[in-house]
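>>> Okay, sequence plus prediction incoming.
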Amino acid sequence: MTSTAQPPPVLAAREAHPDHLGHVIFITAAAAMGGFLFGYDSSVINGAVEAIRDRYDIGSGTLAQVIAIALIGCAIGAATAGRIADRIGRIRCMQIAAGLFTVSAVGSCVPFALWDLAFWRIVGGFAIGMASVIGPAYIAEVSPPAYRGRLASFQQAAIVIGIAVSQLVNYGILQLADGKQRGEIGGLEAWQWMLGVMVVPAVLYGLLSFAIPESPRFLISVGRTDRAKEVLGEVEGHGVDLDARVAEIDRAMRSEHKSTFKDLLGSRFGFLPIVWVGIGLSVFQQLVGINVAFYYSSTLWQSVGIDPTDSFLYSFTTSIINIVGTVIAMVLVDRIGRRPLALIGSAGMAIALAFEAWAFSAELVDGKLPTTQGVVALVAAHVFVLFFALSWGVVVWVFLGEMFPNRIRAAALGVAASAQWIANWAITASFPSLSDWNLSGTYVIYTAFAVLSIPFVLRYVKETKGKALEEMG
């Protein structure tokens, strides 16, 4: 007698294939535009740093606060995006972020005072924080399980592409302004155009958000089950038992434990040990100084005698290396594991940063580094970004998504992400003053953190490759 038993819905979902994969890829790519803007807005300021210093006649300390103040908005946006998305939907959240990106671009382009520019930086930061949360969450909720890993990588790929495009746009605008960051183009200075061009991808993000469906998970949470079935049919295929899938998602949401901050507390040292490990990973990721490469690289190269046009070109080539390293990480992270990749990255970063520290220790000759040190500094900077991108740039996010027990995952991830924004702010705000004090010494500090990350990983970080999330603890 032939059995007519059907496979459990969770197994059927894992094997589901959408009727039109291209449509699912379009939905994912549209959502990942938030990641593109995340990368673009984070790094576009690189091209305007020296012009802002000159325009408003400010010192390194004030300049650092204007650059870093966006991170305050990032932290607030990241902390509130989840609640906003649960209340009004993922798509509406994307549209709010797109609107904030748009007004931030316009406001930053035509500021009438330094405080006004700082305000629009905070608004853009809030949008970045929202995009950093809502993009991955939405993509995970609309992706067929069989394709989820590959589709989830769209967000990280979009971020690094956004960084690269921002540097290419900055370089192109500088060419139009005859190599002058304050050169006029159509009545505005070059740096203003650099910040204002973001309005184009911001508007595109907003328009694309009207062309993609709401998350099935949100639709079920507000009782719109018929629409949820339609969306599930689009993304998982109509061969799946849609009634069973809706019931499965509804049951999973009802049984979820809503983790709170109290769940993270242990009997000693405040947090549970696993939470401290997550915080450590987040902090080390930033304390090696990676965002100096994306926020200040043009300023850095100009400070050692490289002309503005070439400094912008080197910022662009660094961002291309960032993309290459990210692709390498995506290929290797499931093959050799998270922990070995982190150790390889730490060692490579430490060596590259040490060479940068040595190169910057040389006395400037006619305002420039000697030829040998100049070449070493450039090569080492690119090697540093490569090793970061192929390891800590991707691995930390993978670890944070996998390492925590189910009952505390959401809250623990929020604390770790907050620690990352704080460490990011500390590096971003301190670099101009530290570099004025001693550029070589600054890179010695970053080298020390890269070296210290090795025993940290060896002693405290456990491999998560190949383990089910239910095994974490």
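Sure, I can see it. Values in this document were obtained by computation on a predicted structure and should not be read as measured data.
>>> Please enumerate the helices of the stretch 301-450 of the chain.
For the stretch 301-450 of the chain, the helices defined by DSSP state H, counting those that start in this stretch occupy 308-332, 338-360, 371-389, 392-402, 409-460.
>>> got the ones you listed as CSV, with mean neighbour count, mean pLDDT and distance to Ser42 columns?
Bear in mind the C-beta positions are built from the backbone N, C-alpha and C, glycine included. Formatted as CSV, the helices of the stretch 301-450 of the chain follow (neighbours: other C-beta atoms under 10 Å; pLDDT from 0 to 100; distance: least, C-beta to C-beta, whole Å):
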stretch, mean neighbour count, mean pLDDT, distance to Ser42
helix 308-332, 20, 86, 11
helix 338-360, 22, 94, 20
helix 371-389, 20, 91, 14
helix 392-402, 22, 81, 13
helix 409-460, 19, 88, 9
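>>> nearest to Ala85, of the ones you listed?
The closest of the helices of the stretch 301-450 of the chain to Ala85 is helix 409-460. By C-beta to C-beta, the value is 12.9 Å.
>>> which other helices and strands contact the closest one?
Contacts defined by 3 or more C-beta pairs under 8 Å, 6 or more residues apart in numbering; DSSP states H and E place helix 409-460 against helix 60-68, helix 70-88, helix 273-287, helix 290-295, helix 297-303, helix 338-360, helix 392-402.
>>> how about the closest residue to Val283 other than its chain neighbours, what does it touch?
Spatially, and ignoring its direct neighbours in sequence, Val283 is nearest to Ala423 (4.6 Å; C-beta to C-beta, 6 or more residues apart in numbering). Neighbouring residues of Ala423 by C-beta atoms under 8 Å, 6 or more residues apart in numbering: 282-283, 285-287.
>>> Output the helices and strands packed on helix 409-460 in a markdown table, with distance to Leu168 appended to each entry.
Formatted as a markdown table, these follow (distance: least, C-beta to C-beta, whole Å):
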| stretch | distance to Leu168 |
| --- | --- |
| helix 60-68 | 20 |
| helix 70-88 | 21 |
| helix 273-287 | 25 |
| helix 290-295 | 14 |
| helix 297-303 | 13 |
| helix 338-360 | 24 |
| helix 392-402 | 20 |
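>>> still on that earlier bit, of the contacts of Ala423, keep whichever come out buried.
Buried members of the contacts of Ala423, counted by 16 or more other C-beta atoms under 10 Å: 282-283, 285-287.
>>> wait, Ala347 sits on Pro455?
No: with contacts counted by C-beta atoms under 8 Å, Ala347 stays clear of Pro455, the gap being 11.9 Å.
>>> What residues of stretch 150-161 count as buried?
For stretch 150-161, burial by neighbour count (16+ other C-beta under 10 Å) applies to 151-161.
>>> model confidence over it, on average?
Average pLDDT, stretch 150-161: 81.
>>> rewinding a little: adding distance to Trp392 and pLDDT, write the buried ones among the contacts of Ala423 out as a markdown table.
Output for these, formatted as a markdown table (distance: C-beta to C-beta, whole Å; pLDDT from 0 to 100):
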| residue | distance to Trp392 | pLDDT |
| --- | --- | --- |
| Ser282 | 10 | 90 |
| Val283 | 11 | 93 |
| Gln285 | 5 | 93 |
| Gln286 | 9 | 92 |
| Leu287 | 11 | 94 |
